[in-house]
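1. Below is the sequence, then the predicted model.
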Amino acid sequence: MTAEVLATDPVAPAQRVALVDLLDRLLAGGVVIVGDITISIADVDLVHVSLRALITSVGTEQGDPGEY
Amino acid sequence: MGEHATYVYAVTQEQPALDELRGIGGSSVRGLPVEGLVALVSSVALAEFGAEPLRRNLEDLGWLEATARAHHEVVEASAALVVTAPLRLATVYHDDARVREMLEQRREELAAALARVVGRAEWGVKVYDDNATAAAPDGAVADDPAAGPGASYLRRRRLERDAAQQRGRAAAERAEAIHLALAATASASRRYPPQDQQLAGHSGMMMLNAAYLVDPPGAEALRGRIDELADGARYDLTGPWAPYSFAVLEQGS
């Protein structure tokens, strides 16, 4: 996962946004309407769940050097 | 309830021309018009988006990324054409009729949310403090020859901790000042928690992670000011984004 940045070039819409930036917005922003199905996961902290998944995954990919 | 459910990406003021666009899992994207609003939806499999599979899938990074990017692609395409209020990820209804019902029930709030973002786009700003993680240079804390090694160690640790706290406070104040100045150029602003360093892959400490809703002159002002405000600190400016952080329903509704 690389942190690609649209930065100062507004004419590069094809460039991929960084997943973390997207998740900030998609998991904590956006119109919140309780759907029929999401209602049953309303008690799940989506951000927490997703970030835990991300951290686990990233840590695994990098082989977790282990600083200590 | 059949084998499919209806996934809602966004609510718009009018139907965008999205004929060729594919949504989640390559599905086609449809507009459901109701009284001056349109919900952009796809049919998704309950095997994937039912409550239990959804809960599991949200913990699967590959699934999460694919779904987030598909959602984003639909939102982006729509926002380029019409006023668009993105919905939070994974808003799913049993069927189209239930989505229409929701649009009818929440029509006024949704219309108000859309009205607030007309002619505006969101920009993201992240500012980093590259000095935050730098260790105190060797010899910065002189050992007291009269004290034993244990006492020296504790003293050094205390001074290091105090210095780190001080840097943290200074960074927080600086972030606040930058944020307030940028917010002054925007019609709305919102701060997010700093991103995890390991996740985002950045070096240094992220002192500011925020979004600003601006009209075109506001975007110019923001772009013009960020460099001066960052005053040498590294920053990322991302956008324009669809108004994810600002197309929100009023509290209490």
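-> Yep, it's here. Residues are numbered from 1 along each chain as shown, chains lettered A, B, ... in the order given.
2. List the contacts of residue B:29.
-> Applying C-beta atoms under 8 Å, 6 or more residues apart in numbering or on different chains, we find residue B:29 in contact with B:9, B:18, B:21, B:22, B:23, B:40, B:41, B:42, B:74. Heads up, the C-betas are built off the backbone N, CA and C, glycines and all.
3. Identify the residue nearest it in space, chain neighbours excluded?
-> In space, residue B:29 comes closest to residue B:23 once its chain neighbours are excluded; the distance is 4.6 Å by C-beta to C-beta, 6 or more residues apart in numbering or on different chains.
4. circling back to that earlier point, would you mind listing which of the contacts of residue B:29 are buried?
-> Buried by 16 or more other C-beta atoms under 10 Å in any protein chain shown: B:9, B:18, B:21, B:23, B:40, B:41, B:42, B:74, out of the contacts of residue B:29.
5. Looking at the residues you listed, spot the one nearest chain A.
-> Sorting the buried ones among the contacts of residue B:29 by how near they are to chain A, with C-beta to the nearest C-beta, puts residue B:9 at the top with 9.7 Å.
6. re the thing from before, roughly how far does the residue nearest to residue B:29 sit from residue B:73?
-> For residue B:23, the distance to residue B:73 equals 8 Å [C-beta to C-beta, to the nearest Å].
7. For the residue nearest to residue B:29, what are phi and psi?
-> Backbone torsions for residue B:23, taken as degrees, to the nearest 10, come to phi -100, psi -140.
8. Make sure it is actually in contact with residue B:31.
-> No: using C-beta atoms under 8 Å, residue B:23 makes no contact with residue B:31, being 11.9 Å away.
9. want to throw the contacts of residue B:29 into CSV with distance to residue B:87?
-> CSV is the format used below for these (distance: C-beta to C-beta, whole Å):
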residue, distance to residue B:87
B:9, 6
B:18, 16
B:21, 16
B:22, 18
B:23, 13
B:40, 9
B:41, 10
B:42, 12
B:74, 10
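10. Now do the buried residues in the host helix or strand of residue B:99.
-> When elements are assigned from DSSP states H and E, residue B:99 belongs to helix B:96-105. Neighbour-count burial for helix B:96-105 flags B:96, B:98, B:99, B:100, B:102, B:103 (criterion: 16+ other C-beta under 10 Å).
11. Which positions in stretch B:89-97 come out as buried?
-> B:89, B:90, B:91, B:92, B:93, B:94, B:95, B:96.
12. That one spans what distance, first to last residue?
-> End-to-end distance for stretch B:89-97: 20 Å, by C-alpha to C-alpha, to the nearest Å.
13. Would that stretch count as contacting chain A?
-> Yes: contact of stretch B:89-97 with chain A (C-beta under 8 Å from any C-beta of the partner chain) involves B:89, B:90, B:91, B:92, B:93, B:94.
14. Need the nearest residue in space to residue B:195, chain neighbours excluded.
-> Residue B:195 sits nearest to residue A:20 (C-beta to C-beta, 6+ apart), 5.1 Å away.
15. Do I have it right that that neighbour meets residue B:194?
-> No: taking C-beta under 8 Å as the definition, residue A:20 is not a contact partner of residue B:194, at 10.7 Å.
16. Compute the distance between residue B:248 and chain A, please.
-> 6 Å (C-beta to the nearest C-beta, to the nearest Å).
17. Quick one: residues contacting that residue.
-> A:29, A:30, A:31, A:32, B:113.
18. now swap in residue A:25 and tell me
-> B:86, B:211, B:241, B:244, B:245.
19. now with 10 Å?
-> Going by C-beta atoms under 10 Å, 6 or more residues apart in numbering or on different chains, residue A:25 touches A:17, B:68, B:72, B:75, B:86, B:88-89, B:122, B:124, B:190, B:192, B:211, B:241-245.
20. what do you get for residue B:220?
-> B:185, B:214.
21. And it, how close does it get to residue A:17?
-> In terms of C-beta to C-beta, residue B:220 sits 21 Å off from residue A:17.
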